[in-house]
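Engineer: predicted coordinates and the sequence they were generated for:
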Amino acid sequence: VNFVRREIPVIITIVVGFMFLLNNLVTIQVGDMSLATSVRELSTWVTIVSAFAVGLASVNLMRIHARNVSRQRDRWWLSVVLIATFVLFTFVGVLARTYNVAWAVQFNQKLFDNIQTPLGSAMFSIIAFYIASAAYRAFRMRSLEASILLAAAILLMLGRAPIGEVIWNQFPPIANWLMNVPNNAGQRAVLIGAAIGGFATALRVLVGMERGHLGGE
Amino acid sequence: LEFIKKLQSIDSRIIYAVVLVCLIVPMLFPIGIPLSIAQNTSSIYEIVEALGPNDRVVLSLDYEPASSPDVHPQSVAVTQHLLQRGVKIIYVAFWEAGPLFAEGLINNYTDQYNLEYGVDIVNLGFIAGRETAIRAFGDDVLNSAPVDFRNNPTASMPIMAGIRDAKDIDLFITFSGGSPGVLEWIRQVKDVHNIKLAAGAVTVSVPGFIPFVQSGQLIGLLAGLRGAAEYEVLSGNPGSAASKMDGQSLGHLAIIVFILVGNIAYIAERRSKKSE
């Protein structure tokens, strides 16, 4: 049982991992079979498995909220709203996408344009107010480092907002320098560090040393 | 001293109210603050200007309603410019909401530009699988999207004729609200197939993508709503993004004023304590 549960997934990981890795480096063709074709086929499998994952997540979401309603947990009525919305969007979506029913196609687009998009946009826009309040409280010249951060933030805001250029035409070049030199250097350091770390982790997974993704240590 | 202390802890509701007024008033009464164009924006504009009616561009709409206020105006501005140039547009999405944004754009412009679906424009829909799906799309476009969002087979569409992999497409632009997005497109399609790739991103993500612009892996980068406004102005189609720039300017100014007030009060209090 242990072999099936532990070793077979590791063997699959090693074989598939090396197939993807080799496909980037060499061309292997044996008769009608080629490594590139096999890798392409496996990529399609990922799409199919991912689609199933979306279905599984939907079922799980419904189970959790149905339980909230049946046990009348705190704010259970919010779960009712979620379930009703889910059923409505799914029903209209299936009619529109699978059966191409004309009214459903239009209604589906209207639901998206007039409910989902404005609600999502509103949530995103609220961040602006929190940022304003948080910036006012957090940006204090308590130390040299905090003062440098504060100066960079103000210069960048003035350089990026059109009004900054009206106040002084040198704000945009200063903001560009901040983005292209200090920011770029920091971002590159982070990216290269993360890439080396990612490569080391990938190698450990490939040779079966890293088994965290299988639930092991 | 009491007043100075108060200036250090202004009620959040006052800050919210001032920012709200600064955002709304310029939308109702536009000021018309001039807008300069960033090099990263004009790079994309110039590439699109060089395209013609036989060229095909993939626009990957990788965002959701929450990030759409920052990114969707970019898709609108670029779509309009491409259609003015007569370039064929292939929409695809690796985020679930992308296809509905694409449908909205197609519906908006079909009559205006006399578009024939499947010939001038197509919506390939959402492809599940995140980064792996992006790689699969770059390696084999038709196999990744055998049917479009409207359930039509893509292989028989004139717009898809002759397309095997990413190299057969003239330009890719990913509009990204997060991951999967710009980074995945760079490492799975740009670097593998050596294609022309540009990007539009939410403002907060832009600093992270600057190294890829400098390395040439991205030929241009639209930075949030401001990037969309710049593109609208450049392409001669001032729209919703440009009209919001005055509000963004005054909003930024209000935040800066609050920060300065807080710091002046903080320094004044520290000095008075020292003198005591």
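Structural biologist: Perfect, I can see it now.
Engineer: now the residue of chain B found nearest chain A. Nearest residue, chain neighbours left out?
Structural biologist: Going by Cβ to the nearest Cβ, chain A is nearest to B:Pro65 of chain B, at 2.7 Å. For glycine as for every other residue, the C-beta is placed from the backbone atoms N, C-alpha and C. Nearest residue to B:Pro65 in three dimensions, chain neighbours excluded: A:Gly120, at 2.7 Å (Cβ to Cβ, 6 or more residues apart in numbering or on different chains).
Engineer: same deal with B:Gln248?
Structural biologist: Leaving aside its chain neighbours, B:Gln248 sits nearest to A:Ala161 (6.0 Å; criterion: Cβ to Cβ, 6+ apart).
Engineer: need the contact list for the one you found.
Structural biologist: Taking Cβ atoms under 8 Å, 6 or more residues apart in numbering or on different chains, we find A:Ala161 in contact with B:Gln248, B:Ser249, B:His252, B:Leu253.
Engineer: for those, which two are the farthest from each other?
Structural biologist: Pairwise distances across the contacts of A:Ala161 peak at 9.7 Å for B:Gln248 and B:Leu253 (criterion: Cβ to Cβ).
Engineer: neighbour-wise, which of the two wins?
Structural biologist: B:Gln248 (24 against 17; other Cβ atoms under 10 Å in any protein chain shown).
Engineer: what helix or strand is the more buried one on?
Structural biologist: Assigned by DSSP states H and E, B:Gln248 belongs to helix B:240-275.
Engineer: how far does stretch A:134-150 stretch from one end to the other?
Structural biologist: For stretch A:134-150, the separation between the terminal residues is 13 Å (Cα to Cα, to the nearest Å).
Engineer: oh, that last question was meant for stretch A:132-147, not what I typed.
Structural biologist: Taking Cα to Cα, stretch A:132-147 runs 18 Å from one end to the other.
Engineer: going by neighbour count, list what's buried in that stretch.
Structural biologist: Buried residues in stretch A:132-147, counting neighbours by 16 or more other Cβ atoms under 10 Å in any protein chain shown, are found at A:Ala132, A:Ser133, A:Ala135, A:Tyr136, A:Phe139, A:Arg140, A:Met141.
Engineer: do you have the helices of chain B handy? List them.
Structural biologist: B:2-8, B:12-28, B:39-49, B:68-84, B:98-109, B:130-139, B:141-144, B:182-185, B:191-193, B:206-214, B:224-234, B:240-275 (DSSP state H).
Engineer: got those helices as CSV, with mean pLDDT columns?
Structural biologist: Listed next are the helices of chain B as CSV, based on pLDDT from 0 to 100:
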stretch, mean pLDDT
helix B:2-8, 84
helix B:12-28, 94
helix B:39-49, 97
helix B:68-84, 97
helix B:98-109, 97
helix B:130-139, 92
helix B:141-144, 92
helix B:182-185, 96
helix B:191-193, 92
helix B:206-214, 95
helix B:224-234, 96
helix B:240-275, 91
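Engineer: correct me if wrong: B:Met27 contacts B:Met245.
Structural biologist: No. Using Cβ atoms under 8 Å, B:Met27 is not in contact with B:Met245, being 10.2 Å away.
Engineer: what about the two, which has more around it?
Structural biologist: Ranked by neighbour count (other Cβ under 10 Å), B:Met27 and B:Met245 place B:Met245 first, with 27 against 11.
Engineer: what's near enough to touch the closest residue to that one other than its chain neighbours?
Structural biologist: Using Cβ to Cβ, 6+ apart and skipping residues adjacent in sequence, the residue nearest B:Met245 is B:Ala229, 4.9 Å away. By Cβ under 8 Å, 6+ apart, the contact list for B:Ala229 reads B:Leu35, B:Pro73, B:Ala241, B:Ala242, B:Lys244, B:Met245.
Engineer: for those, work out which two are farthest apart.
Structural biologist: B:Leu35 and B:Pro73 (13.5 Å).
Engineer: who has more neighbours, these two?
Structural biologist: Taking neighbours as other Cβ under 10 Å, B:Leu35 and B:Pro73 compare with B:Pro73 leading, 26 against 20.
Engineer: I'd guessed the more buried one sits against B:Gly224; true?
Structural biologist: No. B:Pro73 lies out of contact with B:Gly224 (Cβ under 8 Å); the separation is 9.0 Å.
Engineer: mutual contacts of those two, please.
Structural biologist: The contact sets of B:Pro73 and B:Gly224 do not overlap (Cβ under 8 Å, 6+ apart).
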